[in-house]
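1. From the sequence below, what's the structure:
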Amino acid sequence: MNAVTHLSKDAAALRTLHHDGLLQGEDVRALTVWQPWTFAIAEGFKATENRTRRTHYRGRLLLHSGQRLDEHVSIVRWSRDAASRLDQLGGRSNFWNARTAIPSRFHSPPPTLALSAVIAVATLTDCHPAAAGCCAPWGEPGVFHWTLSDVVALDKPVPCPGRQGLWRPDRAVVDAVAANLPGGAET
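-> Next comes the predicted model:
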């Protein structure tokens, strides 16, 4: 099941966190991930991010789509559902084809296909070394599995430069993310 189907409850909770002062630039982190992996996370298909380093951070995470594309990835290898979603966007299970089909199918790209922008918010709930068969189908051997939950795709991507590793976003980026949660920011 696509986790993005539960957006309204999660988005309302995130807006409340922002307005209560808990989704602050100093309290939230961001993670830059190459496409199509960010697409798979933001669309609710991928709950495990593979990283070479362990993290002890737990909490809200802005998912930033890097400017680079992992061009040699066939998303259908991991998830037929994710591949079907790309097909809906015109991509024939290929991220790059989906992006190039955008001008004819959409006035602007769906936020989950953006590059160099925050496209979703998630909660980082766990980090553990890979074990045989764990976190299938997305978990890879020999790395750390970062477990993500409560993923909420933004209505509109928030352009900003990314960084390597976990990083602290500027307050303006956090505010823009809150304003672009589904349903808009509450005042």
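
2. For the chain, which segments count as strands?
-> Read by DSSP state E, the chain holds these strands, from start to end of the chain: 29-35, 48-51, 59-69, 117-129, 144-159, 166-167.

3. Out of the ones you listed, which is closest to residue 136?
-> Residue 136 lies closest, by CB to CB, to one member of the strands of the chain: strand 48-51, at 8.9 Å. Bear in mind the C-beta positions are built from the backbone N, C-alpha and C, glycine included.

4. Neighbours of residue 157, how many?
-> 26 (other CB atoms under 10 Å).

5. quick one: it and residue 117 touch, right?
-> Yes - using CB atoms under 8 Å, residue 157 is in contact with residue 117, at 3.6 Å.

6. what's the span of stretch 132-152 from first residue to last?
-> Chord length of stretch 132-152, first to last residue, is 29 Å (CA to CA, to the nearest Å).

7. So for that stretch, what gets flagged as buried?
-> Residues 135, 138, 139, 143, 144, 145, 146, 147, 148, 150, 151, 152 are the ones in stretch 132-152 that count as buried (16 or more other CB atoms under 10 Å).

8. Poorly predicted segments of the chain, please.
-> 1-26, 76-77, 90-109, 184-187 (pLDDT under 70).

9. how about 50 then?
-> 1-9, 19-22, 25, 102-107, 186-187 (pLDDT under 50).

10. where do the helices sit along it?
-> 7-19, 37-42, 80-88, 95-105, 171-179 (DSSP state H).

11. by contact count, what packs against the shortest one?
-> Read it as helix 37-42. Where contact means 3 or more CB pairs under 8 Å, 6 or more residues apart in numbering; DSSP states H and E, helix 37-42 is packed against strand 59-69, helix 80-88, strand 117-129, strand 144-159.

12. Just the residues contacting it, thanks.
-> 4, 33, 46-47, 49, 63-66, 70, 73, 75, 78-79, 82, 86, 95, 111-113, 119-120, 122, 138, 148, 151, 153 (CB atoms under 8 Å, 6 or more residues apart in numbering).
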